[in-house]
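> Everything below, folded, please.
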Amino acid sequence: MIRDYREADIDQILAIWLSASIKAHDFIESVFWNSKISEMRDVYIPASETLVYEAEVDVVGFYSLYENNLAAIFVTPDSQGKGVGSALINDAKSRRKSLQLTVYKENIPSIEFYQKHGFTLLEEQIDEHTGHPELIMEYHS
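Just a heads-up that it's a prediction; the model follows:
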């Protein structure tokens, strides 16, 4: 079930974000992701429209929208490949006429996931925080 984020979800969201970020971005040191936990908790999640995917009593995925940006979409590593990410991205697409996102160029599985869901490449840039190339992708309904 997809529902609105509640403050009580924050620890589960941060755990999902951290474990999925480290797994998906193994080309970036895990210390970088650990250093961003407080920013996620105190800045990014509160500033965004966040929805969670709840399976029984556990949050197993979430996404955050900031204006027309899909700022985050993460699923627990154990729940990946089971349709949770597709349900989340389809829900996000139903809430906006267009969406943009950035994804690391080295994160091939995520790029393929976004392409499968109708996102196309706009441009490439360098992430100022990590120095790694990232793609800006866009979806239009």
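> How about Leu65: what's its closest non-neighbour residue?
Glu49 (4.5 Å; C-beta to C-beta, 6 or more residues apart in numbering). In this view, the C-beta of every residue, glycine as well, is placed from N, C-alpha and C.
> Pretty sure Tyr66 is one of the things the one you found touches, is it not?
Yes. At 7.5 Å, Glu49 counts as touching Tyr66 under the criterion of C-beta atoms under 8 Å.
> number of nearby residues for the residue nearest to Leu65?
15 (other C-beta atoms under 10 Å).
> got it, and Ser141?
9.
> which residues touch it?
Residues near Ser141 by C-beta atoms under 8 Å, 6 or more residues apart in numbering: 93, 96-98.
> Can you tell me how far it is from Thr50?
Ser141 sits 21 Å away from Thr50, going by C-beta to C-beta, to the nearest Å.
> and what of Leu65?
From Leu65 to Thr50 the distance is 8 Å (C-beta to C-beta).
> Neighbour count: these two, which is higher?
Thr50 (21 against 18).
> got a pLDDT number for the closest residue to the more buried one other than its chain neighbours?
With sequence-adjacent residues excluded and distances taken as C-beta to C-beta, 6+ apart, Thr50 is closest to Tyr5, at 3.8 Å. On pLDDT, Tyr5 comes in at 96.
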